[in-house]
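*Asks:* kindly return the folded structure for what I paste below:
(chains A and B)
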Amino acid sequence: MREFDYRRAVDVSGALALLDADPEARFLGGGTNLVDLMKTGVERPARLVDVRELPLNGIESTDNGGLRIGATVTNSDLAAHPEVRRRYPALTQAVLAGASGQLRNMATVGGNLLQRTRCGYFADVTKPCNKRVPGSGCPAVEGEHHNHAILGASEHCVAVHPSDMGVALTAFDAVVSYETAHGPGELPLAEFYRPVGDTPHLETALPPGALITGVTLPPAPVAADSRYRKVRERASYAFAIGSIAAALGIEDGVVREVRLAFGAVASRPWRARTAERALTGAPANAETFAAAADAELAAAKPLPHNGYKVTLMRNLVVAVLTELAEEAAR
Amino acid sequence: MAPPPSSTSSAVTLKINGDKHTLSVDHRTTLLDALRERLDLTGTKKGCDQGQCGACTVLLDGRRAVACLQLAVAAEDREITTVEGLAEAGQLHPVQQAFLDLDGYQCGYCTPGQICSAVAVIEEHAAGWPSAVTDDVRPEVGAPPLTADEIRERMSGNLCRCGAYVSIVQAVARAAEARMSQEAAV
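*Replies:* Numbering: from 1, shown residues only, chains lettered A, B, ... in the order given. Down below sits the predicted model:
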């Protein structure tokens, strides 16, 4: 590992200044991804600015009935919070579906959004990777890609974003707040991750040097009846091969409102807006659920070894929406 | 104002099992390596060294964490508890005793991490935290019974290559029951 300077920030402006002073500096949150990547040489910061103790660890109700979640809230505290469990249960389920109890105690909300892909080529510094070394190539396209993207990828990168938490946040229209040396800003999570295109190394739309300060969930009564389901290759403590966050509001057998987001299918949590549009106002039954899934997945471009994800996601949409519809009918 | 010059090591004071230890650490030093290589606290084990096996589980401010991904310099000011700090006044911690009584191990290498993790699992459950196998996470429903499924899910961050899981689950269940009956008696 490269040697590095370490500074602990006590306030946001101090953190920004400490980062700004070194072009090779990184913010350190829980460290569960960054420290691991530093050990393997994928990340080589010259300075770490520890932001874990910044006063950004609160979860508060907003005036309009939403929630504001601080960037340094741990995954554990987010999942256990009564208002998250009551108003956005799929978010609690998503967070609890990720990592292990130990890692959830360390990992922060801000860090979760900024975690890197678990693509094996990205993690191996002896291999080409356009995300790690722009222009070096993408071995995954013709190589090991059974857990790579089917939506929104390019010939330059087919890696998926590994977050579970981000999938639920995307379904519920979360907005990311940040600070820079030039002032604060906001980005809807739907616009937070950049399209892959030919710049897979540029992952987010955050300005350089920005510090995520929190995530705001707007009020979403439909989210009180929501669910996160994750499919993985073992029963626990593994990244998704496909996941879904869903919320469903039904009136007189018709879909009044629906939220759908997919995980492990794209370089970002994938909001299934095409499916949502197809469902809104349609009868709430398995046929319309399947047709909506097909409409969303019509854009899928599977690789030779990940075509199963198209079927998997279709089945997940039908299964989870059917469950939510049955529960609503009770 | 010029920023202070950068440095690649720092003097840190770590609070471990109630004792303060001051040492100079290269910033690259993980808490795991500081415990084992610098402070002779070798109860905490190094398995994968990349956060995947749980052998290095310790408690930070009472919460379980993997020491291999925790930088020592960033652990200053936190209360660190290792497996060496669980027993009190010569009495094994109830989780340690349950692992002994029920053979919750074979080779023993993952055991300190399993035990530290189990101590925290029981506290997390007592605090009402749901898990990924909890059917209904709404707070009104309360914590689910600590079934074998719940224990397996909550302990999934601790791998045992001997496969002693059957006894580990029993040991965690027994220690959890003991804690609950103790609480009921108070």
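*Asks:* so what's residue B:25 closest to, chain neighbours aside?
*Replies:* residue B:72 (4.8 Å; Cβ to Cβ, 6 or more residues apart in numbering or on different chains). The way it works is simple: take the backbone N, C-alpha and C, and place the C-beta from them, glycine included.
*Asks:* quick one, helices of chain B?
*Replies:* Along chain B, counting by DSSP state H, helices occupy B:31-33, B:94-101, B:111-126, B:148-154, B:165-185.
*Asks:* as CSV, these with distance to chain A would be great.
*Replies:* Output for the helices of chain B, formatted as CSV (distance: least, Cβ to the nearest Cβ, whole Å):
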stretch, distance to chain A
helix B:31-33, 10
helix B:94-101, 15
helix B:111-126, 7
helix B:148-154, 5
helix B:165-185, 12
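*Asks:* lowest average confidence across the ones you listed, which one?
*Replies:* Of all the helices of chain B, the segment with the smallest mean pLDDT is helix B:165-185, scoring a mean of 92.
*Asks:* now it against helix B:111-126, angle please.
*Replies:* Helix B:165-185 runs at 40 degrees relative to helix B:111-126, counting by axes from the mean of the first three to the mean of the last three Cα atoms, to 10 degrees.
*Asks:* from residue B:51, how far off is the closest residue to chain A within chain B?
*Replies:* Nearest to chain A, among the residues of chain B, is residue B:157, at 2.5 Å (Cβ to the nearest Cβ). Residue B:157 is 9 Å from residue B:51, where distance means Cβ to Cβ, to the nearest Å.
*Asks:* look at the residue nearest to residue B:25 and say how many residues are nearby.
*Replies:* Residues lying near residue B:72 (other Cβ atoms under 10 Å in any protein chain shown) number 25.
*Asks:* quick one: it and residue B:30 touch, right?
*Replies:* Yes. Taking contacts as Cβ atoms under 8 Å, residue B:72 lies within contact range of residue B:30: 6.3 Å.
*Asks:* show me what contacts residue 174?
*Replies:* Here I'm looking at chain A. Listed by Cβ atoms under 8 Å, 6 or more residues apart in numbering or on different chains, the contact set of residue A:174 reads A:188, A:189, A:215, A:216, A:217.
*Asks:* if you could check chain B rather than the one you did, that'd help
*Replies:* Contacts of residue B:174 by Cβ under 8 Å, 6+ apart are B:98, B:101, B:102.
*Asks:* any idea how chain B splits into domains?
*Replies:* B:9-85, B:94-185 (automatic domain parsing).
*Asks:* what's the end-to-end length of the first one?
*Replies:* Across domain B:9-85, the terminal residues are separated by 27 Å (Cα to Cα, to the nearest Å).
*Asks:* gap between it and the chain center?
*Replies:* Here the centre of domain B:9-85 is set off from its chain's centre by 11 Å, with Cα atoms, centre = their mean, to the nearest Å.
*Asks:* ok, the residue in the stretch 151-300 of chain A that chain B sits nearest to to residue B:55 distance?
*Replies:* Here the residue of the stretch 151-300 of chain A nearest chain B is residue A:236; by Cβ to the nearest Cβ that distance is 3.7 Å. With distances taken as Cβ to Cβ, residue A:236 is found 17 Å from residue B:55.
*Asks:* out of those two, which sits in the more crowded spot?
*Replies:* residue B:55 (26 against 17).
*Asks:* hmm, that one is touching residue B:48, no?
*Replies:* Yes. Between residue B:55 and residue B:48 there is a contact at 7.4 Å, judged by Cβ under 8 Å.
*Asks:* ok, back up a step: shared neighbours of residue B:157 and residue B:51, anything?
*Replies:* Going by Cβ under 8 Å, 6+ apart, residues that sit against residue B:157 and also against residue B:51 are A:102, A:103, B:66.
*Asks:* the residue of the stretch 151-300 of chain A closest to chain B belongs to a strand?
*Replies:* No. Counting by DSSP: H, G, I helix; E, B strand; the rest coil, one finds residue A:236 to be coil, located in no strand.
*Asks:* and the residue lying closest to it once chain neighbours are set aside, how many neighbours?
*Replies:* Residue nearest to residue A:236 in three dimensions, not counting chain neighbours: residue B:156, with 3.7 Å by Cβ to Cβ, 6+ apart. Neighbourhood size, residue B:156 [other Cβ under 10 Å]: 21.
*Asks:* does residue B:156 touch residue A:99 like I think?
*Replies:* No. Proximity of residue B:156 to residue A:99 does not meet the contact threshold set by Cβ under 8 Å, at 9.6 Å.
*Asks:* quick check: buried residues in the lowest-mean-pLDDT helix or strand in chain B?
*Replies:* Least confident helix or strand of chain B, by mean pLDDT, DSSP states H and E, is helix B:165-185 with a mean of 92. In terms of neighbour count (16 or more other Cβ atoms under 10 Å in any protein chain shown), helix B:165-185 has its buried residues at B:165, B:167, B:168, B:169, B:170, B:171, B:172, B:173, B:174, B:175, B:176, B:179.
*Asks:* for the first one, give me its contacts.
*Replies:* By Cβ under 8 Å, 6+ apart, residue B:165 lies in contact with residue B:152.
*Asks:* all helices of the stretch 201-330 of chain A, in order?
*Replies:* Per DSSP state H, counting those that start in this stretch, the stretch 201-330 of chain A carries helices over the ranges A:273-279, A:286-297, A:308-329.
*Asks:* quick one: list the elements packing against the longest one.
*Replies:* Read it as helix A:308-329. Contact partners of helix A:308-329 among helices and strands, from 3 or more Cβ pairs under 8 Å, 6 or more residues apart in numbering or on different chains; DSSP states H and E: strand A:226-232, strand A:240-251, strand A:254-263, helix A:286-297.
*Asks:* average model confidence for the host helix or strand of residue A:104?
*Replies:* If you go by DSSP states H and E, residue A:104 is part of helix A:101-106. Across helix A:101-106, pLDDT averages out at 98.
*Asks:* run a quick neighbour tally on residue B:58.
*Replies:* Neighbour number of residue B:58 under other Cβ under 10 Å is 31.
*Asks:* same check, this time on residue A:328
*Replies:* If we define neighbours as other Cβ under 10 Å, then residue A:328 has 14 of them.
*Asks:* quick check: nearest residue in space to it, chain neighbours excluded?
*Replies:* residue A:250 (4.8 Å).
*Asks:* likewise residue A:185?
*Replies:* residue A:178 (5.4 Å).
*Asks:* cool, residue A:112 as well?
*Replies:* Looking at residue A:112 with Cβ to Cβ, 6+ apart, the closest residue is residue A:165, at 5.0 Å.
*Asks:* same check on residue B:103?
*Replies:* Nearest one to residue B:103, counting by Cβ to Cβ, 6+ apart, is residue B:167 at 4.8 Å.
*Asks:* sorry, back to before: got the contact list for the residue nearest to residue B:25?
*Replies:* B:12, B:14, B:25, B:29, B:30, B:31, B:33, B:34.
*Asks:* does the third one touch residue B:73 like I think?
*Replies:* Yes. Proximity of residue B:25 to residue B:73 meets the contact threshold set by Cβ under 8 Å, at 5.7 Å.
*Asks:* overlap in contacts of those two?
*Replies:* Joint contacts of residue B:25 and residue B:73 (Cβ under 8 Å, 6+ apart) are B:10, B:12.
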